[in-house]
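1. Fold the stuff below for me.
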Amino acid sequence: MSAKLSELLGLLDLEQIDSDIFRASHPRSRTKRLFGGQIMAQALMAAIRTVDRQRFVHSLHGYFLRPGDPSVAAIIRIERTRDGGSFSTRRVLVTQRGETIFSMDASFQVQQPGLSHQLSMPDLSPPQPEKIPPALMDAAFVTWRHEFRRLQSETPQPPEQFVWFKVTADVPIDPALHTCLLVYESDTALLGTARLPHRGRYHRDRMQVASLDHAMWFHRPCDINQWLLYAIDSPSTGAARGFTRGSIFTEDGTLIASTVQEGLIRVPGD
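-> Residues are numbered from 1 along each chain as shown. Reported below is the predicted structural model:
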């Protein structure tokens, strides 16, 4: 297991201060603002620890309110909004220095049978093991973008991406852990997709880019040890914001989760 994956698993092992209060730490190497996927995953893990084990998260809706500071531990407070016959709802506030940096509502449900259909997966296959550069295995997740060379071009591109990903080493079979790792990785590639049609109009290092809100729905169980396809598109950008959405499929075509995110995209001079 890579050092980065081991560290990420440690970050999801929250310190419990009180029945509904947790402390979250951050990567030691992080110097700039915190990664939004990390804060979301930690917030969800805290909420999960206050819900009956027979109830599984089916949706979350979060807002990034302030940049996270990697030098200060985050305090996560849970409000037990409701526990009904089939559903539980939790409100989560993540704070640093007494100010809220992230808020989230998450809903949990007892597993129940019902009608079932799903969107079809794009006709794509994960990469062959021999094509993956060894350096990619040093991270927590290995990611593989289809048409990577085209996406590197500084010319306008269609607003869509297809990204295969999985953890770089097997992690324990724990539904809560796998779901939180999925949430962590769901924050990657979304806003980059909204910028693709505008390639050549900006310098990335001069832009102001930040996630504003993130919603996610969990349709079926997740196995983060297996290849998953993230099919992402961006229907619209405007008013210094980019709107993106994603569908996450297993290798056999099962749709397990859907995401929607809007982010700030400010270009100097616009």
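
2. can you map out the strands along the stretch 151-270 of the chain?
-> 160-167, 208-218, 228-238, 241-250, 255-266 (DSSP state E, counting those that start in this stretch).

3. Give me the buried positions along the lowest-mean-pLDDT helix or strand in the chain.
-> Here the helix or strand of the chain ranked lowest by mean pLDDT, DSSP states H and E is helix 148-151, holding a mean of 74. The neighbour-count criterion (16 or more other C-beta atoms under 10 Å) identifies no buried residues in helix 148-151. Placement of C-beta: from N, CA and C, glycine included.

4. got the contact list for that helix?
-> Arg145, Gln157, Gln161, Leu196 (C-beta atoms under 8 Å, 6 or more residues apart in numbering).

5. for the third one, what are its contacts?
-> It stands for Gln161. Here Gln161 is in contact with Arg145, His146, Leu151, Ala189, Gly192, Thr193, Leu196, Tyr230, Ile232, Asp233 (C-beta under 8 Å, 6+ apart).

6. quick one: least confident of those residues?
-> Ranked by pLDDT, those bottom out at Leu151, which scores 71.

7. pLDDT weak spots in the chain?
-> Counting by pLDDT under 70, the chain contains low-confidence ranges at 269-270.

8. Met40 contacts His61, correct?
-> No - under the criterion of C-beta atoms under 8 Å, Met40 is not in contact with His61, lying 10.6 Å apart.

9. any residues in contact with both of these two?
-> Counting by C-beta under 8 Å, 6+ apart, the residues touching both Met40 and His61 are Met104, His214.

10. Compare those two (neighbour count), which wins?
-> Met40 (26 against 15; other C-beta atoms under 10 Å).

11. Okay, and the more buried one sits in which element?
-> helix 36-48 (DSSP states H and E).

12. could I get the strands of the stretch 151-270 of the chain as a markdown table with distance to Leu12?
-> Formatted as a markdown table, those follow (distance: least, C-beta to C-beta, whole Å):
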| stretch | distance to Leu12 |
| --- | --- |
| strand 160-167 | 12 |
| strand 208-218 | 16 |
| strand 228-238 | 18 |
| strand 241-250 | 19 |
| strand 255-266 | 18 |
